[in-house]
Every structure is written in C-alpha cells, then in structure tokens.
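Visitor: Predicted model follows, preceded by the sequence.
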Amino acid sequence: YKFPENGQNGACLEAKFLTKKVVYEQFGYFCSMKLLSRIFNFYLDASIHVALAILSLVWVTSSILNIPSDKNLFSFIFFCSIACYNFIKYGVELKKYIQLGNPYHGYIRFFNFVCSVICVYHLFFLEWDSIFMLGILGLFTGLYALPVLPGTRNLRSLAGFKIFPVAIVWAGTTVVLPVWAAGSALSWDVWIETIQRFLLVLILILPFEIRDMRYDPPELRTFPRRYGIAKTKILGILLIFLFFFLTLLKDKVTQLEILSKTFLSLGMGSVLLITKKNQNKYFSAFWVEAIPILWWILIWVLMGREN
C-alpha cells in the first residue's frame, strides 16, 4: 500500500464526494421520474385522459355552435365519463386489464367512487330535460356494457357492431346533450355537427381497433380483422374526407370552424397513416385520445387571436 502524495488525499476525498453526489442526484432523478411515471399511468388507467377528451369535445360544441356553458353539466359529464369508463374497463372487462385484489385497482376503485359522488352532486343541479337525455344515453351505455341481450353478452359482443355504440354515445353526449340542455333548437347545423362527431369518434377508434387485433376475439369481426390494416386505413381516410366535407353543408359556418377542422383532419389523417399493430404503449392511449383536447386548445387559441 502506498500513501497518497501531498494533495492527493484531498483530491481523492473530493472525487469520492463528487461521485456520491452524482449518485444521489441520479437516484433522486430516478425516483422523481418513477413518481411522475406512476402519476401519468394512473392518469391514463383511471380514465381521466379520456374524460378530459370528452369534456374538450363538449367545449368545442359550445364554441362552434355558440351555446352557453353549463358548469354543472360539464362537471357532470367529466366525472360521469370517468365513472362509466372505469366501470366498463375494470368491472366488465377486469380480466383483460388487471387481476382482482391488485392494490393498484383498489386505488382506481376508490378514485372512481369519489368521482361517482361528485357526479351525483352535480346531477341535482341539472334540469329535468337534461336528466331525461342523460337517461337515454345511460341506457344505451348500459346496453353496450351489460349482458342484457338474449343470446349475446352485450351490444359490444355483436359482430361488427363494437364501435358504433361508442360513437353514438359520444356524439349524443358532446353535441345533442349540451344543445338540449341550453334550450337551443336541434337545427340542421346541430345535426350536421352530430354526424361529424359520430364520424370523428369512428376515426379515432380505428387505431385502437388495429392495436386490439391481438386481444379481440375473432367473432367480434372488427374492421381490421375483416378487411385488414391497409383497407381499414383507407376507410379512415375516406371518413376524414366525409367529415370535413360535411362542414360545407352547414347553413352557418365560420372561418374558425373551417380552419380548426382543416387542422383536425390533417392531424387525424397523419395519426391514422402511422398507426400500426404493434404500437407504443402510449400511442393510442394517450396521443390518439389527446386529439380532441388538442382540437379544443387550437380553437381556444384561434378565438383568442380573433378577439
């Protein structure tokens, strides 16, 4: 063993200190990133992201059709969307996602209970007309999720019918319901917007259909299973053209609407073209479902520039 020469002992201690400091910093960074990753995954798994996408479409409807915003209705839609999606995801399809008794599922179940309580609270502030419309949408959601049909489990299990109930409920919730609650007439423009919203949801579901080809049973006969991925993408592009063309059939159309739907159509087309069967974990779950949120942000920015 050789003792360090003059100055070397201090240098060694400083090097060890710096090494430990770097290790602690890296450990702290790792812990913070792991915490953020857990929060982000909970944000997705607890259906907060999809509920925010639904709420964004309600805001879009309010902006495009120029109807007043009902905070209680909007809050109800947001928290009810969380409760309903978690019920379908972890109640009806529990085996597909997680195992019973998982503590993580317990956190989501508790969060879902809190959202359900908040949802019921806002329900008491809604008009009876709105509650009646919610009852119709809720009945359709129940038929989609619960095994109530003879010979089949639910509407979701009907061959080739999986995505249509979802699109109908989304269109009804994000267009017809807020218009109905505001006391506005279900005019030609409202029905065009409803059809567009129905098409929008169909388009956004296609990447999920392609992703779920590995999980969905063959008897569901989804579009990718029946026609292949390439033809499914072609169908999606045609639906995007139809979605945009319907805008021109409205009685009243603004430059804001045309511009925002142009960017929306280009964005959906780009996402659809790069969709593949073996997707990144967050491609559909985050980026595809973020499209309605980004659409609302775009409209908000454009409205701010106009003002």
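Guide: All right, it came through fine.

Visitor: Am I right that residue 296 is in contact with residue 60?
Guide: Yes: contact criterion Cβ atoms under 8 Å: residue 296 and residue 60 qualify, at 5.2 Å. Yep, even glycine has a C-beta here, placed from its N, CA and C like the rest.

Visitor: Surely residue 268 and residue 291 touch.
Guide: Yes: contact between residue 268 and residue 291 holds when scored by Cβ under 8 Å: they sit 6.5 Å apart.

Visitor: In space, what's closest to residue 172 - neighbours in sequence excluded?
Guide: Distances taken as Cβ to Cβ, 6 or more residues apart in numbering put residue 137 closest to residue 172, at 5.2 Å, once the chain neighbours are dropped.

Visitor: low-scoring stretches of this structure, by residue?
Guide: Scanning the chain with the threshold set as pLDDT under 70 gives 1-31, 91-101, 144-161, 216-220, 306-307.

Visitor: And the helices in it?
Guide: Per DSSP state H, the chain carries helices over the ranges 8-45, 48-64, 71-86, 94-97, 103-123, 128-145, 163-171, 177-181, 188-211, 223-247, 255-274, 291-306.

Visitor: show me what contacts residue 253?
Guide: By Cβ atoms under 8 Å, 6 or more residues apart in numbering, the residues touching residue 253 are residue 247.

Visitor: Next, work out how far apart it and residue 64 are.
Guide: In this structure, residue 253 and residue 64 are 9 Å apart, going by Cβ to Cβ, to the nearest Å.

Visitor: Residues in contact with both of these two, list them for me.
Guide: With contacts taken as Cβ under 8 Å, 6+ apart, residue 253 and residue 64 have no neighbour in common.

Visitor: Tell me how many other residues surround the nearest residue to residue 273 once chain neighbours are set aside.
Guide: With Cβ to Cβ, 6+ apart as the criterion, residue 273 has its nearest non-adjacent residue at 6.5 Å, and that residue is residue 233. As a burial measure, the neighbour count of residue 233 was computed by other Cβ atoms under 10 Å and equals 21.

Visitor: Surely residue 233 touches residue 272?
Guide: Yes: shown here, residue 233 and residue 272 form a contact pair, counting by Cβ under 8 Å, at 5.6 Å.

Visitor: now residue 41: how far from residue 121?
Guide: When residue 41 is compared with residue 121 (using Cβ to Cβ), they lie 28 Å apart.

Visitor: Who are the contact partners of residue 229?
Guide: Contacts of residue 229 (Cβ under 8 Å, 6+ apart): 210, 213, 275, 276, 277.

Visitor: in the protein, which residue is closest to the centre?
Guide: In the chain, the centroid-proximal residue (Cα atoms, centre = their mean) is residue 50; its distance is 2.6 Å.

Visitor: hang on, it packs against residue 289?
Guide: Yes: using Cβ under 8 Å, residue 50 and residue 289 qualify as a contacting pair, with a distance of 5.4 Å.

Visitor: Enumerate every residue touching the residue nearest to residue 231 when sequence neighbours are not counted.
Guide: Nearest residue to residue 231, sequence neighbours excluded (Cβ to Cβ, 6+ apart): residue 223, at 8.0 Å. With contacts defined as Cβ under 8 Å, 6+ apart, the neighbours of residue 223 are 163, 206, 209, 231, 232, 235.

Visitor: Understood, closing this out.
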